[in-house]
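1. Fold the following for me, if possible:
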Amino acid sequence: MVIVDKTCLTDNIAIAQDLYDGTVEGTKPGQYVIGSKADLKVYLDAAIAVEANASASETDVINSCAQLEAAIATYNAGLNEEIAAANLIGFWKMNGNANDSSGKGNNGIATIGHGFYGAGALAATTDRFGRTGMAYHFDHGSNIEVPYTSALNPQEMTISIWCKKDTAGRVLNADTYTLTSLNRWNGYKFQLQSANKLFYTVHAINGPDTVYYDRDDEVAVLDNGVWYHSVVTFKSGEMNFYVNGDLVKSWTNVPGTPIAVPPTINFVIGQDLPTSQYLTVDGDFQVAWGGFWTGDLDDAMFYNVALTAPQVASIYANQNTL
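-> Below is the predicted model of the structure:
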């Protein structure tokens, strides 16, 4: 009789059982992605059956051990890790003002749009829960301008924002619905493109050269008149797009880190440059090449790290309920 060594399988069963019995699903830090325990249980039960089967071959045991090990790794990857408060650089709730709630002091200034765009002003509006005055309507260049700080020009980042696009009053080409920006394409810019897909541009340093990365989410189309939680993360070699907590596209052909933007250029929500920077002559600040948001925005958050998928899902779940 051939004795098959089941040590690996037994050890992994113990690990998986401890995870299954001792962890909780949910959206809070320290909890695991909802639905992931059921997936782990499938492989755990299969491994227990192989362990109990006296006729199981060495190949059966090796395969089952490997499958359970992979399932454990997948489950652990779904842990909602705490997002350090230090990594939140700005949180503009837009609850009647443009102040920063992150504690970092990056308060914004409600700013009139350029005359070329129609000199629009911010207007208080209802948020995704129907609460009056708890979000802002942007149009004709109305924006929130945040004074430059190097903290808003990090080596990696996550931009999270709730948006509801409309087309009323739109006067420019449809490729320029800007959500947030620091020096438009010469820094970084988060927007919708013409097909209503999330789009991110970053000017990065890669070795001795600089490169412009223009990527969209490829898949998710955001309907007009609907609130969406829209997120982009960027770090050297990886750009991810999320819609309503779900990863919709991951780009890995984006090596490098964001270029340093001149400190004279401020961060903007709802437009691609500060109103005062636009020029009517051709060049990097040409107003005719600019873009602004038309619609509602709320709860814009800026992190100086590329958040993980479980962290993004946790933000969505927590901000999608009152």
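
2. spatially speaking, which residue is in the middle of this structure?
-> In the chain, the centroid-proximal residue (CA atoms, centre = their mean) is V231; its distance is 2.5 Å.

3. Which neighbouring elements make contact with the biggest helix by length in the chain?
-> The residue-count maximum for a helix in the chain (DSSP state H) belongs to helix 58-77. Judged by 3 or more CB pairs under 8 Å, 6 or more residues apart in numbering; DSSP states H and E, the packing partners of helix 58-77 are helix 7-22, helix 36-52. (C-beta placed from N, C-alpha, C; glycine too.)

4. Now do the contacts for T10.
-> For T10, the contacting residues are E51, by CB atoms under 8 Å, 6 or more residues apart in numbering.

5. can you check N12 too?
-> So N12 contacts A47, C65, L68, E69, I72 (CB under 8 Å, 6+ apart).

6. Could you dump the residues you listed into a markdown table and include distance to Y32?
-> Shown next, in a markdown table, are those (distance: CB to CB, whole Å):
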| residue | distance to Y32 |
| --- | --- |
| A47 | 19 |
| C65 | 22 |
| L68 | 17 |
| E69 | 17 |
| I72 | 12 |
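
7. ok, residues contacting whatever helix or strand comes next after the longest helix of the chain?
-> Later in the chain than helix 58-77, the nearest helix or strand by DSSP states H and E is strand 88-92. Outside strand 88-92, the residues that touch it by CB under 8 Å, 6+ apart are 98-102, 104, 106, 108, 144, 146, 151-152, 154, 267, 269, 299-304.

8. ditto for stretch 307-322
-> In this structure, residues lying in contact with stretch 307-322 by CB under 8 Å, 6+ apart are 27-29, 33, 77-81, 83, 129, 158, 160, 162, 229, 231, 233, 240, 242, 244-247, 299, 301.

9. With stretch 200-215 instead?
-> By CB under 8 Å, 6+ apart, the residues outside stretch 200-215 that reach it are 184-191, 199, 216, 232, 234, 236, 239, 241, 249, 251, 254-259.

10. Mind checking which of those residues land in strands?
-> Using DSSP state E, 188-191, 199, 216, 232, 234, 239, 241, 249, 251, 257-258 are the members of these that sit in strands.

11. low-scoring stretches of the stretch 51-200 of the chain, by residue?
-> Applying pLDDT under 70 to the stretch 51-200 of the chain flags the ranges 168-176.

12. run the last query once more with 80
-> The model of the stretch 51-200 of the chain has pLDDT under 80 over residues 80-82, 84, 167-176.

13. How is this protein divided into domains?
-> Domain assignment for the chain by automatic domain parsing gives 7-77, 85-319.

14. Burial-wise, tell me which of those domains comes out on top.
-> Of all the domains of the chain, domain 85-319 has the most neighbours on average by mean count of other CB atoms under 10 Å, namely a mean of 19.

15. and the gap between V312 and N253?
-> For V312, the distance to N253 (CB to CB, to the nearest Å) stands at 21 Å.

16. whoops, I mixed them up, A86
-> From A86 to N253 the distance is 30 Å (CB to CB).

17. same deal with I205?
-> 16 Å.

18. Reformat the helices and strands packed on helix 58-77 as JSON lines; add distance to Q286.
-> JSON lines is the format used below for the helices and strands packed on helix 58-77 (distance: least, CB to CB, whole Å):
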{"stretch": "helix 7-22", "distance to Q286": "56"}
{"stretch": "helix 36-52", "distance to Q286": "49"}
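
19. Ok, which of these comes nearest S276?
-> Among the helices and strands packed on helix 58-77, the nearest to S276 by CB to CB is helix 36-52 (49.2 Å).

20. just the CA coordinates of stretch 145-156, formatted as PDB?
-> Provided in PDB are the C-alpha atoms of stretch 145-156 (Å, rounded to 0.1, in the frame of the first residue of the first chain):
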ATOM      1  CA  GLU A 145      -9.600  75.900  -7.000                       C
ATOM      2  CA  VAL A 146      -7.300  74.500  -4.400                       C
ATOM      3  CA  PRO A 147      -3.900  76.300  -3.700                       C
ATOM      4  CA  TYR A 148      -0.900  74.300  -4.900                       C
ATOM      5  CA  THR A 149       1.000  72.200  -2.400                       C
ATOM      6  CA  SER A 150       3.500  69.500  -3.200                       C
ATOM      7  CA  ALA A 151       1.100  67.100  -1.300                       C
ATOM      8  CA  LEU A 152      -1.200  67.400  -4.300                       C
ATOM      9  CA  ASN A 153       1.600  66.400  -6.600                       C
ATOM     10  CA  PRO A 154       2.500  62.900  -5.200                       C
ATOM     11  CA  GLN A 155       4.400  60.000  -6.700                       C
ATOM     12  CA  GLU A 156       1.300  57.800  -6.700                       C
END
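
21. Just to be sure, which of the contacts of strand 88-92 are found in strands?
-> Per DSSP E, these map to strands at I144, V146, F267, I269, D299, A300, M301, F302, Y303.

22. now, which of the residues you listed sits nearest A135?
-> The closest of the ones in strands among the contacts of strand 88-92, once distances to A135 are taken by CB to CB, is D299, at 8.1 Å.
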